[in-house]
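*Asks:* have a look at this fold, sequence not included:
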């Protein structure tokens, strides 16, 4: 790379100069250098240049870049740029380089080991991999490190490498040759190394190797060899503690199938229990990393053997006690989370009737676990009883503590299921009483001593809420009167009490005598300035209104006064919760009262909307307006009177009055997406909630939707169209034919507008519109197949769907694929639509679909295959293969031919002719069979092939070439 920025050839000095430029502050030159290096890495010159750098350069960064580049070349370009006769020379060069870098730098050495492993996988004629590597590297200490690195990465690359250019059959054969056939030799190498010297016996690389090969070597072989002693002893060495702990954990996990590993487990159990004294020692030394490692070992053993623990609780009780000790000695909550999966899995077994005896024997363990958790749930203590910032201003640390408490809460629920909720609640009750007896008299209006001790059982009670029987009349009636006396001057305590009340509203609804004290505690909490208390109070208010709505019906007028007064004081999420709550209460009132109640509650909201709309000039104000609009949806969803067909709906009557206001707001803010979406959401829920009762609003609503989409090109207008299509079709017995016809005509007008937009803009600019459009089309095809399939729009809709498959975003691609799969059913004998919609037109529709596929099917096959091999998000694979299966079911011969042509369009060198021919031969064999199950196996063949392709190749950086989707054009 010349000094003036002009690129030269790929000589070593130019490469090194480009790397130097990458460290400079000149962004323009850095972009040129990055492009230059990217082209270099794909060039044939990179082979010799990288090896030259590795041979001559003394700079670590250059060495690592060269080693990484060489790894990429072997991964992606070996088959296309290196002849088979040159492979031994390349192998020998890498071995020489490994010998050179045996002593380090470690990063370069590891990359070269990966290079050699990937080459070994692809060089199928190299049969004596292990002897060659060991012999070439020699027997000195530095070479041992190199050999261990190679042994570690080899199984990882074989089993986890994703870009190996081998067929599945060849890769399976090579896996057997490299791993299965070498496993015994590797174990002996590791044993020989482990006993060669004291330092070797505690070398972390040794344990990393054992861990890597445990997937290939029977675990019993390792456990019954000297390697187990090495691993156990490694746990006593600070240098090797972490890797030895990980290795022993993997050994335990490999015995998870306990019935197949009884003898191995019996060997391991006493060796692991030998480690128990280290729990106290490490805790006393405050060696957190060491305690984590030991706890992980016990947790891995417990997780793996949980089934046999449930079967033989007495024999394995020491292991369970060791895990309990890890929890108890974890003063700073650093390791307890490693045990959570074990307690959960053990609970899963102990709550089965079959293991009732084990449950009785281990009940006391869970009782002690609850005591430990109650202690760990406490906030850090402070000398100042009014100090609420207990994390020295570290908000991240406080948030982590809160999240961690919820994890502990889940484990607390596991314990409850084993012990029974009553026993757990009794512990909570006792903890609250103990605080009252010890510190209650010391509480004042300004300070609550040791509030942490009181708050923890409140949190625990909240965690258990969903498990409590709402008919419980033993413990809760004793606790609830205590909670309404919780001091309100301490924010943490007040928050905890509110959250408990909100969690137990179902119980309160069954015990109405306790409602008013709790509800008043919640209402009074809105007078605080604390945002956290306000959010908690709003959430609690919602739960009371939802679960106790019948009990609060008599207060519906007073609730409106309170709601109107408090609303503007709340943050937006709390406004939503308050609104959902009051709407739930209105929803159970008498039908004749609903109109006036909606006016009472919603007229002030609508007035707020108009006031905000008149002053919303910046984005923040417009977003606030959008959020305010969203509050109306809660009333629409909750206030849904049940009326006989044809009766006037009082809710719809009210919303007719509001409709012009929303229409005006939409017109004035048509360019602001959040407002468009919120207004459309309101209208969509109107249609969903009131269904055919919305008929009086149908014409003006359709007009606003058409105008809105044309002006904004936003998919939200299609949400409402889809709701109209669906709700009026599902309730068709109450809809006259003229309305149904007008609804379909409106749909076609909307579809035409969307197709025009898709013709003007590429799919990448319209992902949301495409998703909403094809979700709408799924409904249209379901309810109006007899109109949509013969329509002139049918073909351009199909072409636009193929164009949409070029996207790399899951939602629009899934929507298009779902539409195509439904459409393909109309080309066969089992269409997705019901017989009522299709009737006698089935044969006609089938012929139209088949004709479309004969003319456009090749494009569909090409784009679906391109998606499955290169562009589709992984979650789209099943639908993609479903589309191809549908094509094979309708047009087997033609689809096979189109598939063959598509294979020829793949980038050169990515699929060999032999692989392509093998796939096509298998498909033809299945297609020609009269057995339908064989046809379904075509889907499996295609999925396996495309999965293999994606594993081996990355998407082309220069586009898809012949597989690129054609641009959609629409002239309608």
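*Replies:* That came in fine, so what should we check first? Owing to the predicted nature of the structure, the values given are computational and were not obtained by experimental measurement.
*Asks:* which helix or which strand is home to residue 246?
*Replies:* Taking DSSP states H and E as the criterion, the element that holds residue 246 is helix 241-253.
*Asks:* ok, residues contacting the host helix or strand of residue 324?
*Replies:* Assigned by DSSP H and E, residue 324 falls within helix 313-328. Outside of helix 313-328, the residues that reach it under the criterion C-beta atoms under 8 Å, 6 or more residues apart in numbering are 269, 272-273, 276, 279-280, 291, 294-295, 298-299, 301-302, 305, 308-309, 335-336, 338-339, 342, 346, 357-358, 361-362, 365, 368-369, 372-373, 376. Any C-beta I mention is one placed from the backbone N, CA and C, and that applies to glycine too.
*Asks:* circling back to that earlier point, check the offset of the helix holding residue 246 from the chain's centre.
*Replies:* Counting by C-alpha atoms, centre = their mean, to the nearest Å, helix 241-253 is centred 28 Å from the centre of its parent chain.
*Asks:* which helices and strands does the following helix or strand past that helix pack with?
*Replies:* With elements assigned by DSSP H and E, the helix or strand that comes after helix 241-253 is helix 262-273. The contact analysis (3 or more C-beta pairs under 8 Å, 6 or more residues apart in numbering; DSSP states H and E) places helix 262-273 against helix 219-223, helix 226-234, helix 241-253, helix 288-304, helix 313-328.
*Asks:* tell me which of those sits nearest to residue 44.
*Replies:* Residue 44 sits nearest to helix 241-253 of all the helices and strands packed on helix 262-273, at 40.2 Å, using C-beta to C-beta.
*Asks:* coming back round to it: give me the buried positions along the helix holding residue 324.
*Replies:* Residues of helix 313-328 classed as buried by neighbour count (16 or more other C-beta atoms under 10 Å): 313, 316, 319-320, 322-328.
*Asks:* could I get these as JSON lines with distance to residue 457 and pLDDT?
*Replies:* Shown next, in JSON lines, are these (distance: C-beta to C-beta, whole Å; pLDDT from 0 to 100):
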{"residue": "313", "distance to residue 457": "29", "pLDDT": "95"}
{"residue": "316", "distance to residue 457": "31", "pLDDT": "96"}
{"residue": "319", "distance to residue 457": "29", "pLDDT": "97"}
{"residue": "320", "distance to residue 457": "25", "pLDDT": "97"}
{"residue": "322", "distance to residue 457": "27", "pLDDT": "96"}
{"residue": "323", "distance to residue 457": "24", "pLDDT": "97"}
{"residue": "324", "distance to residue 457": "20", "pLDDT": "96"}
{"residue": "325", "distance to residue 457": "23", "pLDDT": "96"}
{"residue": "326", "distance to residue 457": "23", "pLDDT": "95"}
{"residue": "327", "distance to residue 457": "18", "pLDDT": "95"}
{"residue": "328", "distance to residue 457": "18", "pLDDT": "94"}
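*Asks:* next, format the residues you listed as JSON lines and append distance to residue 488.
*Replies:* Formatted as JSON lines, these follow (distance: C-beta to C-beta, whole Å):
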{"residue": "313", "distance to residue 488": "46"}
{"residue": "316", "distance to residue 488": "48"}
{"residue": "319", "distance to residue 488": "46"}
{"residue": "320", "distance to residue 488": "42"}
{"residue": "322", "distance to residue 488": "44"}
{"residue": "323", "distance to residue 488": "40"}
{"residue": "324", "distance to residue 488": "37"}
{"residue": "325", "distance to residue 488": "40"}
{"residue": "326", "distance to residue 488": "38"}
{"residue": "327", "distance to residue 488": "34"}
{"residue": "328", "distance to residue 488": "34"}
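*Asks:* what is the nearest of these to residue 772?
*Replies:* Once C-beta to C-beta is applied, the member of the buried residues of helix 313-328 that ends up nearest residue 772 is residue 327, at 50.2 Å.
*Asks:* so how far is residue 321 from that closest one?
*Replies:* Relative to residue 321, residue 327 is positioned 11 Å away (C-beta to C-beta, to the nearest Å).
*Asks:* if we can go back for a sec, columns distance to residue 859 on top of the helices and strands packed on helix 262-273, output as JSON lines?
*Replies:* Putting the helices and strands packed on helix 262-273 into JSON lines (distance: least, C-beta to C-beta, whole Å) gives the following:
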{"stretch": "helix 219-223", "distance to residue 859": "52"}
{"stretch": "helix 226-234", "distance to residue 859": "59"}
{"stretch": "helix 241-253", "distance to residue 859": "49"}
{"stretch": "helix 288-304", "distance to residue 859": "51"}
{"stretch": "helix 313-328", "distance to residue 859": "60"}
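*Asks:* among these, which comes closest to residue 883?
*Replies:* For residue 883, the closest of these is helix 241-253, at 39.4 Å, according to C-beta to C-beta.
*Asks:* thinking residue 534 is in contact with residue 569, fair?
*Replies:* Yes - counting by C-beta atoms under 8 Å, residue 534 touches residue 569, with 7.2 Å between them.
*Asks:* who has more neighbours, those two?
*Replies:* For residue 534 and residue 569, the more surrounded residue by other C-beta atoms under 10 Å is residue 534, and the numbers stand at 19 against 12.
*Asks:* quick check: buried residues in the helix or strand hosting the more buried one?
*Replies:* Under the criterion of DSSP H and E, residue 534 resides in helix 531-547. Within helix 531-547, the residues scored as buried using 16+ other C-beta under 10 Å are 533-547.
*Asks:* next one: stretch 55-62
*Replies:* Taking 16+ other C-beta under 10 Å as the basis for neighbour counts, the residues of stretch 55-62 that come out buried are 57, 62.
*Asks:* and the helix or strand encompassing residue 411, average pLDDT?
*Replies:* In this structure, residue 411 is located in helix 395-419 according to DSSP H and E. Per-residue confidence for helix 395-419 averages out to 89 on the pLDDT scale.
*Asks:* not counting its own residues, what contacts it?
*Replies:* Residues beyond helix 395-419 that count as contacts (C-beta under 8 Å, 6+ apart) turn out to be 333, 336-337, 340, 343-344, 347, 350-351, 359, 362-363, 366-367, 369-370, 373, 376-377, 379, 390-391, 424, 459-460, 462-464, 466-467.
*Asks:* repeat that with 6 Å
*Replies:* Outside of helix 395-419, the residues that reach it under the criterion C-beta atoms under 6 Å, 6 or more residues apart in numbering are 340, 343-344, 347, 350-351, 366, 369-370, 373, 377, 391, 424, 460, 463-464, 467.
*Asks:* ok, and the closest non-adjacent residue to residue 769?
*Replies:* For residue 769, ignoring the flanking residues on the chain, the nearest one in space by C-beta to C-beta, 6 or more residues apart in numbering is residue 715 at 4.4 Å.
*Asks:* quick one: contacts for that neighbour?
*Replies:* 768-769, 772.
*Asks:* return the set of buried residues in stretch 792-811.
*Replies:* Of all the residues in stretch 792-811, those buried under the rule 16+ other C-beta under 10 Å are 793-794, 796-807, 809, 811.
*Asks:* got the end-to-end distance for it?
*Replies:* In terms of C-alpha to C-alpha, to the nearest Å, the two terminal residues of stretch 792-811 are separated by 27 Å.
*Asks:* all further residue positions should be reported with the first residue as 736.
*Replies:* Renumbered: residue one is now 736, and that last one reads stretch 1527-1546.
*Asks:* which residues touch it?
*Replies:* By C-beta under 6 Å, 6+ apart, the list of residues contacting stretch 1527-1546 reads 1486, 1490, 1493, 1498, 1502, 1505-1506, 1547-1548, 1551, 1554-1555, 1594-1595, 1598, 1602, 1606, 1608, 1610, 1700, 1703, 1705.
*Asks:* could you pull out the buried residues of the helix or strand harbouring residue 832?
*Replies:* Taking DSSP H and E as the criterion, residue 832 maps to helix 822-835. Of the residues in helix 822-835, 822, 825-826, 828-830, 832-834 count as buried by neighbour count, 16+ other C-beta under 10 Å.
*Asks:* how far away from the center of its chain is it?
*Replies:* 43 Å.
*Asks:* picking that back up, which one of the contacts of residue 1450 is nearest residue 871?
*Replies:* For residue 871, the nearest member of these is residue 1503. The distance, counting by C-beta to C-beta, is 57.9 Å.
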